[in-house]
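A.B. asks: From the sequence below, what's the structure:
(4 chains, ligands or ions: 2)
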Amino acid sequence: MPGEKKMELHVPSVLGFEKVAMDFAASVAKMMHFPEERIENLKTAVAEACINAIEHGNKLDATTSVGVTLTIEPSKLSVDIQDQGSGIAEPPVPDIEQKIAGKDKTRGWGMFLIQSLMDEVKFESTPEGGGVVRMVIHLERD
Amino acid sequence: MPGEKKMELHVPSVLGFEKVAMDFAASVAKMMHFPEERIENLKTAVAEACINAIEHGNKLDATTSVGVTLTIEPSKLSVDIQDQGSGIAEPPVPDIEQKIAGKDKTRGWGMFLIQSLMDEVKFESTPEGGGVVRMVIHLERD
Amino acid sequence: MNQSLEVAVRKQGEVALIDIKGDVTAVTGEHIERAYQQVCGEGVNKVLLCFDSGSYINSGGIAIIIGIAADGKETARIIRITGLSPHFQKIFSMVGLTKYAEIFPSEQAALAQF
Amino acid sequence: MNQSLEVAVRKQGEVALIDIKGDVTAVTGEHIERAYQQVCGEGVNKVLLCFDSGSYINSGGIAIIIGIAADGKETARIIRITGLSPHFQKIFSMVGLTKYAEIFPSEQAALAQF
Ligand SMILES: Nc1ncnc2c1ncn2[C@@H]1O[C@H](COP(=O)(O)OP(=O)(O)O)[C@@H](O)[C@H]1O
Ligand SMILES: Nc1ncnc2c1ncn2[C@@H]1O[C@H](COP(=O)(O)OP(=O)(O)O)[C@@H](O)[C@H]1O
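C.D. replies: Ligands and ions are numbered 1, 2, ... in the order given. Sure thing, here's the model as predicted:
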C-alpha cells in the first residue's frame, strides 16, 4: 500500500519490557501527531497486550520474545502484538462488584482495557499457533 | 550470557524515522537508570547512526530498512545499527574553520558526534556486506 | 531494574497518606499493600493514596488498588485517591474503582471533610 | 509528517529574533535559512537564533546553523544563540560553532550589549 510504513520490534518476555513497547508505540503516534489523550490510550493498550503476551502467551519464558509490529497508514496506526503461545481465548467481561466482594480475583482487566481504549481489536493466531492481538487506532475519532 | 537482554527494532529507510530508533534507545536507557545527560548522548549517537544508515547505507530506498539491536548487559548498553548498503568507510575528522571559510561542505558531523558521545564505536560489515555501527555506552563513566 | 516504585507513608491528623511514585504493577504492588497494612495496623481508618502524575500504572497495579478498596469496604475504612493524571483518572473510572475509592483533584481537596 | 519545524521572526530594536521550534534537520533547515535571508534582506545585522529546549537537532540541522554562522562571518553580521538545552549547548560547543555564534543562557542576556 502506498504511504504505508511498517516497523517491527522484538522485546524479551520479561515483565517491565512492555514499557519499551509502549514507548515505541508512543514515539510513532507522536510523530503521526495523534492527540495526547489518544496516545495515552494507545500506551495502555500496548502495555496490556504485551503483558499478556509475556505472561499468558510466552509463560514468562525469557528465551522467547514478543513481537510488536506498527503499521502507519494514512489515517490510522495498526499495532500487532504477537507471542509464541498457543492462541488467545477471549475472557469474560470483568465485574468490579464481584471483585470488590471477594467473589472473583482482583485481576483480569487487561483485555477489557485493550477493547475499551482502541478503535478496533481482533484476537488471532499466527501460522505457528501463537497468539496475536491486532489493534487499530484512528487519527480522527469517529 | 546470563542477564543479557536483546531487543531488535526495524524502521523504514525514511528520514524522520531515526527519531523512533532514538526514542527506543532512550526508553531502554531510562529503564536501566542511565543519568539524563548520558541518555541525551545516546539519543544523538543513535539518531546520527540511523540517519547515516538511511542516507548513505540504504540510499534513501524506502523499501529497505534499518536494524537497531540493543543488548542490555550488567553495566552497559550495546547498540548496533545495521543497513543494507555496501559498508562504511571512516571519514576524515571535520574541521569547523574550513567549513566556516567555505572551503568544505557544512555537513559531515554525524560520525564525529557518534565517536565523541559514545564510550566505544566500531564500524563493521554484515555477512551480507551491509554496514554496521557497533556502539557501547557504559552505565558508569570511566 | 525493569520496574521501580517508591512508596512512603505520611500522617495528617487521623489520615494516613501513602505516596506512590514509579511503576504501579503486579510486581511492585506489594510495596503499596505493605504500606496499607502498616497504617491499618496503626489503627488508621482513613487512607489517601497519593499517586504521582508521571507514574506508569498497569492492570496488575489496578488489581492491587482494587484489593485495597475491597479491604476498605470490608473493614469500613475510607480510601481516597489523588494525584492521578487525567488518563488514569479515566481508567480508574472505566474500571469502576471510583465507586469504592473516590478521586480528588488535589491532596487538599481530598483531606477536606475526610 | 515525519519532521516538523516552526520558524517565526520577531524584531527587538535592531536585533532580529528567529524562533525555532521542532525538528532542526537537513530537511526542515531551509525554513531557518529563509527566515535568516528575509531578515538580512531587511538590512538587519544582528540576529538571535532562539531555539526551543525541547527541540530535536541533528547533524544536518547543525550544518544549517554553520551555514548561517559562515554567512554572518562573511557579511560581518553578529549571530547569537539562546534557548538550547544543556545537551545541545554541549554539542554546539564540541563542534566549534560557539566560536562563531556565541550561546547565551537567556534571550535577555543575549540581547544585552548586542
Ligand atoms: N496472549 C495471550 N495468550 C493466551 N491467553 C491470553 C493472552 N492474553 C490474554 N489471555 C487470556 O485472557 C485472560 C484475561 O487477560 P486479562 O484481561 O489481561 O487479565 P489478566 O492478565 O489479569 O488475567 C488471561 O487470564 C488469559 O487466560
Ligand atoms: N552507514 C553508512 N554507509 C556508508 N557510508 C557511510 C555510512 N555512515 C557514514 N558513511 C560515510 O561517512 C561520511 C561521513 O558521515 P557523517 O559524518 O555522518 O556526515 P554526513 O552524513 O553529513 O556526510 C558519509 O558522507 C559517508 O560517506
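
A.B. asks: Near chain D, which residues of chain A are found?
C.D. replies: Selection of chain A residues close to chain D by C-beta under 8 Å from any C-beta of the partner chain yields A:31, A:32, A:33. From N, CA and C alone the C-beta is placed, and that goes for glycine too.

A.B. asks: what do you get if the cut-off is 10 Å, keeping everything else the same?
C.D. replies: A:3, A:5, A:31, A:32, A:33, A:72, A:74 (C-beta under 10 Å from any C-beta of the partner chain).

A.B. asks: Please indicate which of those residues are buried?
C.D. replies: Buried members of the residues of chain A next to chain D, counted by 16 or more other C-beta atoms under 10 Å in any protein chain shown: A:5, A:31, A:32, A:72.

A.B. asks: Which members of the residues of chain A next to chain D are positioned in strands?
C.D. replies: Within those, residues falling in strands by DSSP state E are A:5, A:72.

A.B. asks: any residue of the helix ranked longest in chain A up close to ligand 1?
C.D. replies: Taking DSSP state H as the criterion, chain A has its longest helix at helix A:36-52. Yes - residues of helix A:36-52 are located near ligand 1 by C-beta under 6 Å from any ligand atom, namely A:48, A:52.

A.B. asks: from the middle of its chain, how far away would that helix be?
C.D. replies: Put simply, helix A:36-52 sits 7 Å off its chain's centre (C-alpha atoms, centre = their mean, to the nearest Å).

A.B. asks: And stretch A:23-34, by the same measure?
C.D. replies: On C-alpha atoms, centre = their mean, the centre of stretch A:23-34 falls 15 Å from the chain's centre.

A.B. asks: buried ones in that stretch?
C.D. replies: Buried, per 16+ other C-beta under 10 Å, within stretch A:23-34: A:23, A:24, A:25, A:26, A:27, A:28, A:29, A:31, A:32, A:34.

A.B. asks: just those that are near ligand 1?
C.D. replies: Within these, nothing lies near ligand 1 by C-beta under 6 Å from any ligand atom.

A.B. asks: check those residues against chain B, which are close?
C.D. replies: Okay, of the buried residues of stretch A:23-34 touching chain B (C-beta under 10 Å from any C-beta), that's A:23, A:24, A:25, A:26, A:27, A:28, A:31.

A.B. asks: Out of those residues, which is nearest to residue C:87?
C.D. replies: Set against residue C:87, the nearest of these by C-beta to C-beta is residue A:26 (11.8 Å).

A.B. asks: List the contacts of residue C:43.
C.D. replies: C:14, C:16 (C-beta atoms under 10 Å, 6 or more residues apart in numbering or on different chains).

A.B. asks: again but with residue A:15, I slipped
C.D. replies: Neighbour list for residue A:15: A:50-51, A:54-55, A:60, C:2-3, C:23, C:25-27, C:58, C:60 [criterion: C-beta under 10 Å, 6+ apart].

A.B. asks: quick one: least confident of these?
C.D. replies: Lowest in pLDDT among the contacts of residue A:15 is residue C:2, which has 86.

A.B. asks: That residue is in contact with residue B:27, isn't it?
C.D. replies: No - taking contacts as C-beta atoms under 10 Å, residue C:2 lies outside contact range of residue B:27: 11.7 Å.

A.B. asks: Who's the closest spatial neighbour of the residue of chain C at minimum distance from ligand 1, skipping the chain neighbours?
C.D. replies: Distance from ligand 1 to each residue of chain C (C-beta to the nearest ligand atom) is smallest for residue C:59, at 5.6 Å. For residue C:59, ignoring the flanking residues on the chain, the nearest one in space by C-beta to C-beta, 6 or more residues apart in numbering or on different chains is residue A:109 at 4.0 Å.

A.B. asks: So what's the residue count around that neighbour?
C.D. replies: If you count neighbours by other C-beta atoms under 10 Å in any protein chain shown, residue A:109 ends up with 24.

A.B. asks: Which residue is most remote from the mean position of chain A?
C.D. replies: Counting by C-alpha atoms, centre = their mean, the extreme residue of chain A relative to its mean C-alpha position is residue A:101, 29.1 Å from that point.

A.B. asks: how far away is the residue lying closest to it once chain neighbours are set aside from chain B?
C.D. replies: With C-beta to C-beta, 6+ apart as the criterion, residue A:101 has its nearest non-adjacent residue at 7.5 Å, and that residue is residue C:70. For residue C:70, the distance to chain B equals 31 Å [C-beta to the nearest C-beta, to the nearest Å].
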